[in-house]
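Participant: Need coordinates for the following:
(4 chains)
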2 protein chains.
Amino acid sequence: MSTITDVAREAGVSVATVSRALRGLDRVSPRTRERVLKVAEDLDYVASPTATSLASGRTQVVGVVAPFLMRWFFATLVSAIEKTLRQHGHHVLLFDLEDDSDNQRLPLSQNMLWKRVDGVITLNLPMTDQELELVDRLGLPLVAIGTAVADRPNVRIDDALAMRLATEHLVSLGHERIAYIGAIPSNVAHIQTPQARLEAFREVMRSHGLEEHKQWILGSAWTADSAAEDMRTLLASADRPTAVAAASDEMAIGAMAAARAQGVRIPEDLSVIGIDDHALSNVLGLTTVRQDVAAQGREAAEILLRALGYGPSGGGPTEVVVPTELIVRSSTAPPAS
Amino acid sequence: MSTITDVAREAGVSVATVSRALRGLDRVSPRTRERVLKVAEDLDYVASPTATSLASGRTQVVGVVAPFLMRWFFATLVSAIEKTLRQHGHHVLLFDLEDDSDNQRLPLSQNMLWKRVDGVITLNLPMTDQELELVDRLGLPLVAIGTAVADRPNVRIDDALAMRLATEHLVSLGHERIAYIGAIPSNVAHIQTPQARLEAFREVMRSHGLEEHKQWILGSAWTADSAAEDMRTLLASADRPTAVAAASDEMAIGAMAAARAQGVRIPEDLSVIGIDDHALSNVLGLTTVRQDVAAQGREAAEILLRALGYGPSGGGPTEVVVPTELIVRSSTAPPAS
DNA sequence: CTGAAAGCGCTTACAG
DNA sequence: CTGAAAGCGCTTACAG
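Facilitator: Model (predicted):
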């Protein structure tokens, strides 16, 4: 592979001139620039990013950090972020912080970031003080999707609003006996989403004077399997709800499946609603509150790009709340009187 | 942040010695090494990867390239690969080659790889000749998961065997009228999986003397939505199958949902089987042929690491076929007499 | 508009 | 066992 020196020699100019010409800087005569471009093209020249980085201090790489990657929400974000960044000449270095051998996640460390990325995007990841201090010390701009990180730019949906939409939908259908799936104990993590959604559910119930049954608030682990298991227990009892609001579609899908497996018809015997509009929700007929996950990824990438000095330098929003929308399908209906 | 020069000064040795000591090379006295280690620790020293790369020619980064990222199969692979590589001090640069604005995928280009990655892992990605030539020219080792790439190391399941297991299961239950979902026209892509699975299906049908109905071979686009749509058409006709084999669980899930929505009971009226053991298959009761996707990611990462000179240099397998297993759940049963 | 030179922070022979 | 020096391939003031 050819280097900048090869191009300079071939074009009969200095490497400094080649560097300027190729990067489109001022102060290069049109003729010279043209010649350099031609030679570079002929030689299949591509600047060594590693040399460029060492000299310029920028890597054109952004770190994307997630607590896990396999779930639909995260995979969708990563895909959207990668595409947006690549359109602007940037690349994605991926970190999956899930630790299989432990139920604690891995910490973000200096050698993941130092001189390796120009910025960081966190995907629903509560950061520890040390991690935040590290990112600060390294001078890295950061954008948080979902769970907010200190006072950094943040892209998310309005969790409370989303769950309010979901719960109000059930109430408006006439349901009064409503269960909830996805209540994560507040001491487990500083993740805002579960708590905000549960609180919104409670608030709506209260505002309609509806009773909240302790044993109908299920603390499932945000997976379909876990939700299905909790649902089975719930359905085994004599005292059953007529509807269930799940904090995510994956849990809603688990709940629907568990109900059906026990002969409970949906929506005749039980209405189910989720939040997300997961890739499979449409086909499964799940009523849900849609969030545009790809849009969140795109917004976050653009904010970061701006922080890195690309695009319109003029500020731009630093706090984006992506709209949310009720999608009624066949998993919800009025209760069977 | 401190540099190697800072450490050298503080420890009273040359930068060369620091470099050797920190990398655990020979020819450093225990006392010196200890001192250097101590100073480095005190100064929070982490070598600049960009400088290291320029000097050594290695980046400790591997490119992971996929036609799209959002599907369960790909997300699971990426997660497993990332974890395995990170344990060995390597990082993942991610490329999603899906092009939203076009139905052709983006090409792999020189500026994605050149001096940026030490090797490449492809995820079910048929490579063009130019891409292969590029990877060769850059001297990058490559490992292919799923769709094989020329004579490079390859990790996959036995597609034909998997579909044979699925089809034989249906036949052994007594089904004779079996439909197939996921037949991609061979001119669309050089992806082996769809073709290998369809052929295996046909072979099993033939070997049992079962008739293959042209209109029961559905060319769904490997998504649940597409499979559901095709299934609706199929069920609308008077001449119906008693069972359907889908080439992936996502399609099987779509087929099940479409059937149920039309009042077709599963498995009483229709048996459905898939391939994958998708995260939602268990909860949905889908009978399937399980493939261990994470294991494929791990194997591929390890083969690449070996090619890069890590771990036992002694060869090791270069062709891995991960085993596959029939998981019978509630979506399959003997036909209704 | 263009070039010579220093510098980015490491690794790697080469001496000793 | 250790150090001085060249080199990796760019960018960036500084002169001119």
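Participant: Would you mind checking which helix or strand in chain A has the lowest mean pLDDT?
Facilitator: Sorting the helices and strands of chain A by mean pLDDT, DSSP states H and E puts helix A:110-113 at the bottom, at a mean of 90.
Participant: OK, contacts around A:T122?
Facilitator: By CB atoms under 8 Å, 6 or more residues apart in numbering or on different chains, the residues touching A:T122 are A:65-66, A:142-145, A:147, A:149. In short, each C-beta sits where N, CA and C put it, glycine included.
Participant: Now do the strands in the stretch 51-200 of chain A.
Facilitator: Along the stretch 51-200 of chain A, counting by DSSP state E, counting those that start in this stretch, strands occupy A:61-66, A:91-96, A:119-123, A:142-145, A:154-157, A:178-181.
Participant: Quick one: list the elements packing against the fifth one.
Facilitator: Read it as strand A:154-157. strand A:142-145, helix A:293-307, strand A:319-322 (3 or more CB pairs under 8 Å, 6 or more residues apart in numbering or on different chains; DSSP states H and E).
Participant: just the contacts of A:T122 now: which is nearest B:F74?
Facilitator: Of all those, A:A66 has the smallest distance to B:F74: 14.7 Å, by CB to CB.
Participant: Not counting its neighbours along the chain, what's nearest the closest one?
Facilitator: A:L123 (4.1 Å; CB to CB, 6 or more residues apart in numbering or on different chains).
Participant: can you check A:A75 too?
Facilitator: Nearest to A:A75 is B:A75, by CB to CB, 6+ apart, at 3.7 Å.
Participant: Assess the claim that that neighbour and A:A66 are in contact.
Facilitator: No. Using CB atoms under 8 Å, B:A75 makes no contact with A:A66, being 10.5 Å away.
Participant: Bridging across strands, which residues link to A:V61?
Facilitator: A:H91 (DSSP bridges).
Participant: With neighbour count and pLDDT added, can I get the contacts of A:T122 in TSV?
Facilitator: Shown next, in TSV, are the contacts of A:T122 (neighbours: other CB atoms under 10 Å in any protein chain shown; pLDDT from 0 to 100):
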residue	neighbour count	pLDDT
A:V65	25	97
A:A66	27	94
A:L142	23	96
A:V143	26	97
A:A144	24	97
A:I145	31	97
A:T147	19	91
A:V149	20	91
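Participant: Residue of the stretch 101-250 of chain A closest to DNA strand C, please.
Facilitator: A:K115 (7.2 Å; CB to the nearest atom of the strand).
Participant: give me the number of residues near the closest residue to that residue other than its chain neighbours?
Facilitator: Once flanking residues are discounted, A:K115 sits nearest to B:S48: 4.3 Å by CB to CB, 6+ apart. B:S48 has 18 neighbours, counted by other CB atoms under 10 Å in any protein chain shown.
Participant: what residues are up against B:S48?
Facilitator: A:54, A:114-115, B:3.
Participant: JSON lines for the residues you listed, including distance to A:D225, neighbour count and pLDDT?
Facilitator: What follows is the contacts of B:S48, written out as JSON lines (distance: CB to CB, whole Å; neighbours: other CB atoms under 10 Å in any protein chain shown; pLDDT from 0 to 100):
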{"residue": "A:L54", "distance to A:D225": "48", "neighbour count": "19", "pLDDT": "95"}
{"residue": "A:W114", "distance to A:D225": "38", "neighbour count": "20", "pLDDT": "93"}
{"residue": "A:K115", "distance to A:D225": "41", "neighbour count": "22", "pLDDT": "93"}
{"residue": "B:T3", "distance to A:D225": "49", "neighbour count": "15", "pLDDT": "93"}
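Participant: Mind checking which of those land in helices?
Facilitator: Cross-referencing the contacts of B:S48 against helices under DSSP state H gives A:L54.
Participant: near DNA strand D too, which of the contacts of B:S48?
Facilitator: A:L54 (CB under 7 Å from any atom of the strand).
Participant: how far away is the residue nearest to A:A66 from A:S19?
Facilitator: 36 Å (CB to CB, to the nearest Å).
Participant: what about these two, which has more around it?
Facilitator: Taking neighbours as other CB under 10 Å, A:L123 and A:S19 compare with A:L123 leading, 24 against 18.
Participant: Report the beta-bridge partners for that one.
Facilitator: Beta-bridge partners, per DSSP bridges, of A:L123: A:I145.
Participant: and it, what does it touch?
Facilitator: Here A:L123 is in contact with A:64-67, A:74, A:77-78, A:145-146 (criterion: CB under 8 Å, 6+ apart).
Participant: Name the nearest residue to A:F73, ignoring sequence neighbours.
Facilitator: Distances taken as CB to CB, 6+ apart place A:V293 nearest to A:F73, at 5.9 Å, with adjacent residues excluded.
Participant: Does that neighbour touch A:A75 like I think?
Facilitator: No. Applying CB under 8 Å, one finds A:V293 not in contact with A:A75, separated by 9.3 Å.
Participant: Give me the buried positions along the least confident helix or strand of chain A.
Facilitator: Of the residues in helix A:110-113, those buried under the neighbour-count criterion (16 or more other CB atoms under 10 Å in any protein chain shown) are A:110, A:112-113.
Participant: so what's A:P194 up against?
Facilitator: A:182-184, A:222, A:247.
Participant: want to try JSON lines for those, with neighbour count and pLDDT as columns?
Facilitator: Shown next, in JSON lines, are the contacts of A:P194 (neighbours: other CB under 10 Å; pLDDT from 0 to 100):
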{"residue": "A:G182", "neighbour count": "29", "pLDDT": "92"}
{"residue": "A:A183", "neighbour count": "18", "pLDDT": "89"}
{"residue": "A:I184", "neighbour count": "18", "pLDDT": "79"}
{"residue": "A:W222", "neighbour count": "21", "pLDDT": "88"}
{"residue": "A:A247", "neighbour count": "30", "pLDDT": "96"}
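Participant: For A:Q215, state which of these is nearest.
Facilitator: A:A183 (11.7 Å).
Participant: In contact with that closest one, which residues?
Facilitator: A:194, A:198, A:217-220, A:247.
Participant: Would it be right to say that A:E325 lies in a helix?
Facilitator: No. When DSSP: H, G, I helix; E, B strand; the rest coil is applied, A:E325 is found to be strand, with no helix at that position.
Participant: what's the spacing between it and A:S271?
Facilitator: Computed as CB to CB, the A:E325 to A:S271 distance reads 19 Å.
Participant: what about these two, which has more around it?
Facilitator: Each of A:E325 and A:S271 has its neighbours counted (other CB under 10 Å); A:S271 has more, 24 against 12.
Participant: Next, the contact list for the more buried one, please.
Facilitator: Contacts for A:S271 (CB under 8 Å, 6+ apart) come out as A:170, A:173, A:175, A:242-244, A:287, A:331-333, A:335.
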